[in-house]
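S.K.: Model the following, please.
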Amino acid sequence: MQNSDDTLNILFLDDSDADRELNMLALKDSGLQFSATEAVDEKEYLNALDEVNVESFDIVLSDFALPGYDGLAALKALQKRCPDIPFIIISGKIEEELAVEVLKQGATDYVFKNRLDRLPRAVERAIKEKKAEIELKQFKKTLDAALDCIFIFDTTGFNFSYVNQGAVNHVGYTRDELLNMTPADIQPEYDVEDFRKLVKPLMDGDRHALTFETVHCHKNGKRIPVEILLQLIAPRGEKARFVSVVRDITERRRAEKERIQLQKQLHDAQRMEAIGTLAGGIAHDFNNILAIIKGFSEIALNHELAEDHPARYSIEQVKIASERAIELVRQILTSSRKKKHVMTQIKITPIIKETVKLLRASLPATIKIQFEQMAPSDDILGDSGKFHQVLMNLCTNAAHAMQTRDGVLKIALKETDAASVAFNSQFDLASDSCLMLSVSDTGHGMAPSVMEHIFEPYFSTKSKEEGTGLGLSVTHGIVKAFGGDIRVTSKLDQGTVFKLYFPLIKGDTSLTGKHSERIPKGNEHILFVDDEEAVAVAGRRMLVHLGYTVTIKTNSSEALETFRSNPDDFDLVITDMTMPHLTGDRLARKLMYIRPEIPIILCTGYDKRLTLEKAKSLGVRDLLQKPVGWRDLAMAIRRALDSN
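M.R.: Numbering: from 1, shown residues only. Okay, here's the model as predicted:
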């Protein structure tokens, strides 16, 4: 190649010494700096190409007619060894057809010996063009190595004139196929006229570049999301061309979708946390009200009203209603907490009946609700709040499927053979039977493509305002946690049937935790502390009927001073947790500091910070959830006193 001092290395092939001298003289007279290697025949020429590094030559100047050799053969020998070196024919006489053939075969130019004044310009032009050609090849290699896809096309018909290897790999067409195509052939969102409108701001000079997102269509039909940077390039003296740099944004779209989903999950979690906080605050106050209602109802029924008293039925209904409200609060708290639920033996028929009552009050009259109880036994291992949540989810979905038509929501419970159900049970219940709970509707049904995804989190056919897509996912998780299984069948315009299978528990077990003993009584002195006066009064009347002496206080600070004055007067302290001035746990610490062995029972309407384990670590004997039932309170008192 050319030396750093701009001296050219030229190989001269000519059998005439005089002609070679004339050629070199023409170049020297033009001021061209060069070093010469001379050959007079084929042998010397090939030796020069092979013995000297052929790439060291910048150009070959060859006579056409040589003894036993010619310019075409010399050209082919050079092309075989180094096709990038320019080759100029210098001939005394050459027919036009032969000259054209020489150029077709790859010669850079030809010069007649009687016009050697053209030789310096021909050499300079050949060197310049070959250098530009080499640089272009290197540039194309660089473009082919680029990660982005590059398309270059004209401004009239938008035909591709260049595509890099990345573009070929991107759309799956060969380079030759793409060079016979336009952007509209791979961008289904645009036809030629649409594309012309898109690039008009570039053509008019209003914009220097356009960046936009669209879709490319692969040769196999796959649609690929892309981001395109489009520019109009107009080098001086050349036609303007569009250069399009294309980037596959499939991964970016996937990451963006995941980010949006994570944001939604975070929003849902924050919303649930806010609901839980609100539910906790409401539950504390509401539980105090329910404690008063339930407490005075039980006092009236157990001690003040005769069996035939006309008001007895009414008070019993008040008590039943309060117990329903207590369970409702418990379900609200259960739904708003993220905690592991303790599995116990539960009867599900009462829960189903309670759910049906709630549904009758909330669903439109166009939906008829039916419940068929065909199971002689209905005990399963689970959590009543979670079972209620499952049933409400299924029934709400069923009602939604019938919102535009009259329909029937049918709930059925029956016993069936467990061998036909693929249980995923971790409880090892040796049961030959299972309970099948079916929830069916006569709504619009589901297509098979929808049924494939119904248990996936965040999948929903409802609008964002109507649902989160979590209901059936949560339902599936709860049923599996109960050791059960869930099946679904559906037909379009006929309805949907969900069948839930649970291992059946037969006979009485220790899982129920129910007490059959008589309500225990006593004669000890109890300090009862609650900032709600009606709760304190109800508590005192209840305990007095059980034989205890009771002192009540509605101010925790006053209760502390009363105890401090006569600590040995009291056998037990029952205190609310959430109170102004001094909370129940702080009061307990101060009381035990005065008298370490004093038994204390804490009662709480709702406090997510306090668990039974934590309460016992403070020295408290028991933690009761308000409103406390007659039997539960009596049993807790005896446990605390008798343990002393």
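S.K.: Show me where the stretch 151-300 of the chain has its helices.
M.R.: Taking DSSP state H, counting those that start in this stretch to define them, one finds helices in the stretch 151-300 of the chain at 165-171, 175-178, 183-186, 192-203, 250-299.
S.K.: May I have the third one exported as PDB, CA atoms only?
M.R.: Pointing back at helix 183-186 there. C-alpha atoms of helix 183-186 as PDB (Å, rounded to 0.1, in the frame of the first residue of the first chain):
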ATOM      1  CA  PRO A 183     -40.200   0.000   4.500                       C
ATOM      2  CA  ALA A 184     -44.000  -0.500   3.900                       C
ATOM      3  CA  ASP A 185     -43.300  -4.200   3.100                       C
ATOM      4  CA  ILE A 186     -42.000  -4.900   6.700                       C
END
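S.K.: starting at the chain centroid, how far to it?
M.R.: Helix 183-186 has its average C-alpha position 32 Å from the chain's average C-alpha position, going by Cα atoms, centre = their mean, to the nearest Å.
S.K.: got the buried residues for that helix?
M.R.: Buried residues in helix 183-186, counted by 16 or more other Cβ atoms under 10 Å: 183-186. (Each C-beta comes from the backbone N, C-alpha and C, glycine too.)
S.K.: Which of the helices of the stretch 151-300 of the chain has the lowest mean pLDDT?
M.R.: Lowest mean pLDDT within the helices of the stretch 151-300 of the chain: helix 250-299, at a mean of 78.
S.K.: For that one, what is the distance to the chain centroid?
M.R.: 22 Å.
S.K.: From the contact counts, what lies against it?
M.R.: Using 3 or more Cβ pairs under 8 Å, 6 or more residues apart in numbering; DSSP states H and E, the elements in contact with helix 250-299 are strand 223-233, helix 312-336, helix 533-545.
S.K.: any idea which of the ones you listed scores lowest on pLDDT?
M.R.: Averaging pLDDT over each of these puts helix 312-336 lowest, since it has a mean of 74.
S.K.: and the next helix or strand after that one, which residues are buried?
M.R.: Once the chain leaves helix 312-336, the next helix or strand it forms, by DSSP states H and E, is strand 344-347. By 16+ other Cβ under 10 Å, the buried positions in strand 344-347 come out as 345-346.
S.K.: Name the nearest residue to residue 356, sequence neighbours excluded.
M.R.: Counting by Cβ to Cβ, 6 or more residues apart in numbering, residue 356 lies nearest to residue 371, which is 5.4 Å off, once chain neighbours are set aside.
S.K.: in this structure, which residue is closest to the centre?
M.R.: Closest to where the C-alpha atoms of the chain average out (Cα atoms, centre = their mean) is residue 258, at 3.7 Å.
S.K.: where's that one relative to residue 456, distance?
M.R.: Counting by Cβ to Cβ, to the nearest Å, the separation of residue 258 from residue 456 is 15 Å.
S.K.: Tell me how many other residues crowd the residue nearest to residue 39 when sequence neighbours are not counted.
M.R.: Closest residue to residue 39 apart from its sequence neighbours, by Cβ to Cβ, 6+ apart: residue 45 at 4.1 Å. Neighbourhood size, residue 45 [other Cβ atoms under 10 Å]: 24.
S.K.: Residue 551 too?
M.R.: Neighbours around residue 551, by other Cβ under 10 Å: 17.
S.K.: same question, residue 178
M.R.: Neighbour count for residue 178, taken as other Cβ under 10 Å: 22.
S.K.: Distance from stretch 567-582 to the middle of the chain?
M.R.: Centroid separation for stretch 567-582 versus its chain: 50 Å, with Cα atoms, centre = their mean.
S.K.: Same question for stretch 175-190.
M.R.: 34 Å.
S.K.: One more: stretch 480-493?
M.R.: Relative to its chain's centre, stretch 480-493 lies at 25 Å (Cα atoms, centre = their mean).
S.K.: List the buried residues for it?
M.R.: For stretch 480-493, by 16+ other Cβ under 10 Å, it's 481-486, 488, 490.
S.K.: May I have the secondary structure class of the residue nearest to residue 356?
M.R.: strand (DSSP: H, G, I helix; E, B strand; the rest coil).
S.K.: now the helices and strands packed on helix 250-299 as TSV including distance to residue 83?
M.R.: Shown next, in TSV, are the helices and strands packed on helix 250-299 (distance: least, Cβ to Cβ, whole Å):
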stretch	distance to residue 83
strand 223-233	29
helix 312-336	79
helix 533-545	102
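S.K.: Compare these and give me the one nearest residue 96.
M.R.: Minimum separation from residue 96 across those (Cβ to Cβ) falls at strand 223-233, 38.5 Å.
S.K.: which helices and strands does the closest one pack with?
M.R.: Under the contact criterion of 3+ Cβ pairs under 8 Å, 6+ apart, strand 223-233 touches helix 192-203, strand 209-217, strand 241-248, helix 250-299.
S.K.: That strand pairs with which strands, and in what direction?
M.R.: With DSSP bridges as the test, strand 223-233 is paired with strand 209-217 (antiparallel), strand 241-248 (antiparallel).
S.K.: angle of that strand against helix 192-203?
M.R.: Inter-element angle recorded for strand 223-233 and helix 192-203: 40 degrees (by axes from the mean of the first three to the mean of the last three Cα atoms, to 10 degrees).
S.K.: tell me which residues of strand 223-233 are tucked away?
M.R.: Those would be 224-228, 230, 232, for strand 223-233 by 16+ other Cβ under 10 Å.
S.K.: Any chance you could list what contacts it?
M.R.: Residues from elsewhere that reach strand 223-233 (Cβ atoms under 8 Å, 6 or more residues apart in numbering): 149, 155, 170-171, 188, 199, 202-203, 208-218, 240-250, 252-253.
S.K.: circling back to that earlier point, out of the strands paired with strand 223-233, deepest packed?
M.R.: strand 241-248 (a mean of 19; mean count of other Cβ atoms under 10 Å).
S.K.: re the thing from before, what's the residue nearest to residue 356 in contact with, if anything?
M.R.: So residue 371 contacts 352-353, 356, 410-413 (Cβ under 8 Å, 6+ apart).
S.K.: Once you drop chain neighbours, what's closest to residue 305?
M.R.: residue 312 (4.9 Å).
S.K.: thought the one you found was touching residue 302?
M.R.: No. The pair residue 312 / residue 302 is not scored as a contact, 11.1 Å apart, by Cβ atoms under 8 Å.
S.K.: Leaving out sequence neighbours, find the closest residue to residue 169.
M.R.: Counting by Cβ to Cβ, 6+ apart, the residue nearest residue 169 is residue 149, at 7.9 Å.
S.K.: Any idea what the one you found is bridged to?
M.R.: In beta-bridge terms (that is, DSSP bridges), residue 149 pairs with residue 246.
S.K.: Would you mind measuring from residue 634 to residue 156?
M.R.: 97 Å.
S.K.: okay, those two: which has more neighbours?
M.R.: Ranked by neighbour count (other Cβ under 10 Å), residue 634 and residue 156 place residue 634 first, with 22 against 8.
S.K.: May I see the strands paired with strand 223-233 organised as TSV, with mean pLDDT and distance to residue 560 added?
M.R.: Below are the strands paired with strand 223-233 laid out as TSV (pLDDT from 0 to 100; distance: least, Cβ to Cβ, whole Å):
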stretch	mean pLDDT	distance to residue 560
strand 209-217	93	69
strand 241-248	92	72
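S.K.: Ok, which of those strands comes nearest residue 51?
M.R.: strand 241-248 (45.2 Å).
S.K.: Touching the closest one from outside, list them.
M.R.: Counting by Cβ under 8 Å, 6+ apart, 148-155, 158, 161, 167, 170, 183, 199, 202, 216, 224-234 sit against strand 241-248.
S.K.: thinking again about what came up before, now pLDDT too, for the buried residues of stretch 480-493, in TSV please.
M.R.: Formatted as TSV, the buried residues of stretch 480-493 follow (pLDDT from 0 to 100):
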residue	pLDDT
481	85
482	87
483	86
484	88
485	89
486	89
488	91
490	92
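S.K.: Closest one of these to residue 573?
M.R.: In terms of Cβ to Cβ, no member of the buried residues of stretch 480-493 lies closer to residue 573 than residue 481, at 38.7 Å.
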